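Asker: structure for this input, please:
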Amino acid sequence: MVKITKRSVEAAAKTGKEYFLWDDELRGFGLRVHPSGRKIYLAQFRAGGRIRRVNIGPHGPITPDQARTEAMKHLSDVRLGSDPGAQRDRLRAAVTVKEFGQRFLDEHVASHCKPSTQYEYRRCVDLFIVPKLGTHKIIDVTRADVVELHQGLKETPYQANRVLGVLSIMFTLADTWGVRSDGINPCWKVKRYKEAKRERYLTPDELARLGKVLREADGEPEAATCIRLLLLTGCRLGEIQTLKWDYVDFRAGVLRLPASKTGAKIVPVGKAALDVLAEISRIEGNPYVITGQVEGKHLTDIQRPWRRLRARAGLDTLRIHDLRHSFASDALQLGADLTMIGRLLGHTQVQTTARYAHLKTDPVRTTANKVADAIASALGHVAPENRVNRAPVPVDTPLAILNDTAL
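Answerer: So this is what the prediction gives:
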């Protein structure tokens, strides 16, 4: 044994075989000399009933004094009941974010998510999470790493928040599957960017223009029929795009969807929508209502014909999902309450439907007129009973019914 100093370490000669020098002051602190002459500082201790060693680092980049300090930390941890060797082994065995991301996609997403969700999750993992965090051990990822990833996508706040959501699910599963055992999800408390909910609704004039274009869309009748059904039912695009004849119950006046965004649901539809469905020619061997170019398949590309149709109607900023918003808006203006609208749209949470509450302006305007008249009367203005009857302020007349003659 010898005190490990710069002089004693440099004096340790290459002998052609491996040997150790142990410090005579700090028990367990040593130097491993390889046959090649390479010298590694280490700490040796007994844990779990066996001798374990932890490499501290090579001589040169690390000085003897630095190695001694690090060895003291390891040996102190051992006295307190910790096992640095086990921690080292766990770190070596830990998977990277890239490896866990693939397991996440294969074992969770493929089994529990719908195809459209699978596509979005895979896109988030492959394009954003793996390029930034892929080489990190998943047990080493910190909140600071997540914040850096999230802020790197600040120019696209919607995408940044989607990536953060997927990453949070990954870390929750990492804890559930025992890959991380600290009970900490590094995505927690990472503040999401504000997302401005865009609400766009068709006016009667816009609806009339769109209806004219749909009636004249002889070159792409399937797309026009799809858009017409979206307007008349308030369904999501995927629900109409993949609608099968087996789901259509003409007698009950409903669509029985086995797998929507919120799970299986029954969608009540009006006579106008049923009339449109009744006019569609069925193709033998194809189970879908909106058929595509590939035999036996549904129409997969709606966006391109939709862009052409809306351009002809002068509605370049109108999104397909805005048709669903318009359905809810018209239902509200016609007197339907939020609970009924939620059932029509297939919402599972009342908060989702509540976003449309502000559209019901008629009762609010009526109350505002009454309050204003009462205050004006108290102020000495012309009494209401002496006031000349005036027509109310005109507002957009809600659609009483959507039918295939308008569309």
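
Asker: ok now stretch 308-319, how far from the chain's centre?
Answerer: 28 Å (Cα atoms, centre = their mean, to the nearest Å).

Asker: buried ones in that stretch?
Answerer: Buried residues in stretch 308-319, counted by 16 or more other Cβ atoms under 10 Å: 309-310, 313, 315, 318. Where C-beta positions appear, they are placed from N, C-alpha and C, glycine not excepted.

Asker: nearest spatial neighbour of Gly134, skipping sequence neighbours?
Answerer: What sits nearest to Gly134 in space, not counting adjacent residues and going by Cβ to Cβ, 6 or more residues apart in numbering, is Lys98, at 3.6 Å.

Asker: looking at this, Trp30 is in a strand?
Answerer: Actually, residue 30 is Gly rather than Trp. Yes - using DSSP: H, G, I helix; E, B strand; the rest coil, the assignment for Gly30 is a strand.

Asker: for the one helix or strand Leu207 maps to, packing partners?
Answerer: Element membership for Leu207, per DSSP states H and E: helix 204-215. Secondary-structure packing of helix 204-215 (3 or more Cβ pairs under 8 Å, 6 or more residues apart in numbering; DSSP states H and E): helix 221-233, helix 303-312.

Asker: ok, residues contacting the shortest one?
Answerer: Read it as helix 303-312. With contacts defined as Cβ atoms under 8 Å, 6 or more residues apart in numbering, helix 303-312 is touched by 210, 213-214, 217, 220, 223-224, 227, 316, 318, 320.

Asker: the same query, at a cut-off of 7 Å, please.
Answerer: 213-214, 217, 220, 223-224, 227, 316, 318, 320 (Cβ atoms under 7 Å, 6 or more residues apart in numbering).

Asker: and the residues you listed as JSON lines, adding pLDDT?
Answerer: Shown next, in JSON lines, are those (pLDDT from 0 to 100):
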{"residue": "Val213", "pLDDT": "91"}
{"residue": "Leu214", "pLDDT": "91"}
{"residue": "Ala217", "pLDDT": "85"}
{"residue": "Glu220", "pLDDT": "86"}
{"residue": "Ala223", "pLDDT": "91"}
{"residue": "Ala224", "pLDDT": "92"}
{"residue": "Ile227", "pLDDT": "92"}
{"residue": "Asp316", "pLDDT": "88"}
{"residue": "Leu318", "pLDDT": "88"}
{"residue": "Ile320", "pLDDT": "88"}
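
Asker: ranking these by neighbours, who comes first?
Answerer: Counting neighbours by other Cβ atoms under 10 Å, Ile227 leads the contacts of helix 303-312 with 26 neighbours.

Asker: can you list the residue ranges for helices in the stretch 101-250 of the chain?
Answerer: Listed in chain order, the helices of the stretch 101-250 of the chain (DSSP state H, counting those that start in this stretch) span residues 110-112, 115-124, 130-133, 143-151, 157-176, 204-215, 221-233, 237-241.

Asker: minimum distance to Phe327: which of those helices has it?
Answerer: Taking Cβ to Cβ, helix 221-233 is the member of these nearest to Phe327, at 6.9 Å.

Asker: mind listing what the most centrally placed residue in the chain touches?
Answerer: Centroid-nearest residue in the chain: Arg162, 3.8 Å away (criterion: Cα atoms, centre = their mean). Arg162 is in contact with 120, 124, counting by Cβ under 7 Å, 6+ apart.

Asker: ok, it to Val54 distance?
Answerer: Distance of Arg162 to Val54, given as Cβ to Cβ, to the nearest Å: 41 Å.

Asker: Glu155 too?
Answerer: For Glu155, the distance to Val54 equals 44 Å [Cβ to Cβ].

Asker: more crowded one of these two?
Answerer: Val54 (23 against 7).

Asker: which SS state does the more buried one fall under?
Answerer: strand.

Asker: hmm, Tyr41 and it touching each other?
Answerer: No - contact criterion Cβ atoms under 7 Å: Val54 and Tyr41 do not qualify, at 10.0 Å.

Asker: show me how the record splits this protein into domains.
Answerer: Domain assignment for the chain by automatic domain parsing gives 6-93, 97-176, 204-358.

Asker: now tabulate those domains in TSV and tack on distance to Ala374.
Answerer: Listed next are the domains of the chain as TSV, based on distance: least, Cβ to Cβ, whole Å:
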stretch	distance to Ala374
domain 6-93	74
domain 97-176	45
domain 204-358	24
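
Asker: nearest to Pro186, out of those?
Answerer: Nearest to Pro186, of all the domains of the chain, is domain 97-176, at 4.5 Å by Cβ to Cβ.

Asker: pLDDT below threshold where in the stretch 301-407 of the chain?
Answerer: Scanning the stretch 301-407 of the chain for pLDDT under 70 picks out 337-338, 346-365, 381-407.

Asker: and the helices in it?
Answerer: Using DSSP H, counting those that start in this stretch, helices in the stretch 301-407 of the chain cover 303-312, 321-333, 338-345, 350-354, 361-378.

Asker: show me what the second one is packed up against.
Answerer: Okay, so that is helix 321-333. Secondary-structure packing of helix 321-333 (3 or more Cβ pairs under 7 Å, 6 or more residues apart in numbering; DSSP states H and E): helix 221-233, helix 338-345.
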